[in-house]
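Participant: just the structure for this:
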Amino acid sequence: MTEEASLWEKNLTEHLHKVYSGSARYCVMFISKHYAAKVWPTHERRSAFEKAIESKEEYICRLDLMTQTFPDCTSTLSALTCVGNRLRNSSG
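Facilitator: Numbering: from 1, shown residues only. Down below sits the predicted model:
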């Protein structure tokens, strides 16, 4: 069964909160203009930040695929930024 099929008839608000604030070992955010335009990533980020704060461990890995500022992403998160085919360290 595919992940998409397994989500059929689930309450996505509850399910995604459970995944991002509980059962996931890490959360990798691929920040792009497409990601920024969608509704669910905001809910996923907030749940991931909740787990990161409560667990006090490294949990969120952020890869910025765009150079402009992304709303709702804390400047306290370290990130890798991908420009062309190069990665560089960045903060916030």
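
Participant: ok, Leu7 - contacts?
Facilitator: Taking CB atoms under 8 Å, 6 or more residues apart in numbering, we find Leu7 in contact with His15. All C-beta spots, glycine's among them, are computed from the backbone N, C-alpha and C.

Participant: could you point out which element follows the helix or strand harbouring Arg45?
Facilitator: Taking DSSP states H and E as the criterion, the element that holds Arg45 is helix 40-55. With elements assigned by DSSP H and E, the helix or strand that comes after helix 40-55 is strand 60-64.

Participant: give me the buried positions along that following strand.
Facilitator: By 16 or more other CB atoms under 10 Å, the buried positions in strand 60-64 come out as 60, 62, 64.

Participant: so His43 makes contact with Thr13?
Facilitator: Yes: assessed by CB atoms under 8 Å, His43 is found in contact with Thr13 at 6.8 Å.

Participant: so what pairs up with the spatially most central residue of the chain in the strands?
Facilitator: What sits nearest the mean C-alpha location of the chain, by CA atoms, centre = their mean, is Met29, with 3.5 Å. In this entry, Met29 is beta-bridged to Arg62, by DSSP bridges.

Participant: model confidence score at it, please.
Facilitator: Note for Met29: predicted pLDDT of 83.

Participant: hmm, it is touching Leu63, no?
Facilitator: Yes: counting by CB under 8 Å, Met29 touches Leu63, with 6.9 Å between them.
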